[in-house]
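Q: Got a predicted structure here, sequence first:
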Amino acid sequence: MKSKLLTLLVMLLGMLTLALPATAFPQDVEILLDTRECPVCIFNDDDLSNADLTGVNLKVASLISTNLQGANLSGSNLMLTYFNNADLTGATLQKSDLNGADFSGAKLVDADLSDSVLTQAELTDADLTGANLRGVILVGAHLGTANLENADLTGANLRGVGRRQVRFCNTIMPDGVIENRDC
């Protein structure tokens, strides 16, 4: 039931996102910087690179194609947030709630997602090359064709995660074994 509700919420946000402007409303940026909260806000195509967004609440927000290179989103509520095609190269998302977040086509090269919760997250076509995924919870996440080359999954929970199409090369698996299946 929770999975169906989550899917419905994600679909509704997707439809809402198509009907709204591509970039953030100026008041959304101001609200985020002033209060550290802006749930259901839109930051599509914006440049938030190197921003200190620790502990923000961006639940059900849209950051499609947003530049978040080097941004710090540690300890943030990013549940059901859209990161489709966003650039999170070198971003820090440690200990964040990313339940149901959509990272389809996102660039997470050298990103730190350690100890984050990505239950039911969508990671199809995400580039997680060199990502720190130590201790993440990926239960029920969809990796699809994600690239996990040189990623560290030590201690990660991958229960219910299909791995057939995922790229593994010099990838440290949850048990510490290095997987070189696709090198």
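A: Thanks, I have the structure now. Numbering: from 1, shown residues only.
Q: Show me where this protein has its strands.
A: 171-172, 178-179 (DSSP state E).
Q: Can you pull out the low-pLDDT segments for the chain?
A: Across the chain, the ranges flagged by pLDDT under 70 are 1-27.
Q: please redo it, this time with the cut-off set to 90
A: Within the chain, the ranges that satisfy pLDDT under 90 run 1-34, 38-41, 162.
Q: if we can go back for a sec, any idea which of the strands of the chain is most buried?
A: Highest mean neighbour count among the strands of the chain (mean count of other C-beta atoms under 10 Å): strand 171-172, with a mean of 23. Yep, even glycine has a C-beta here, placed from its N, CA and C like the rest.
Q: Show me the contact partners of it.
A: The contact list for strand 171-172 (C-beta atoms under 8 Å, 6 or more residues apart in numbering) reads Leu148, Glu149, Asn150, Ala151, Asp152, Leu153, Thr154, Ile178, Glu179, Asn180.
Q: wait, what's in contact with Arg134?
A: Contacts for Arg134 (C-beta under 8 Å, 6+ apart) come out as Ser114, Asp115, Asp152, Leu153, Thr154, Gly155, Ala156.
Q: pretty sure the last one is in contact with Gly176, am I right?
A: Looking back up the chat, that one is Ala156. No - under the criterion of C-beta atoms under 8 Å, Ala156 makes no contact with Gly176, lying 11.0 Å away.
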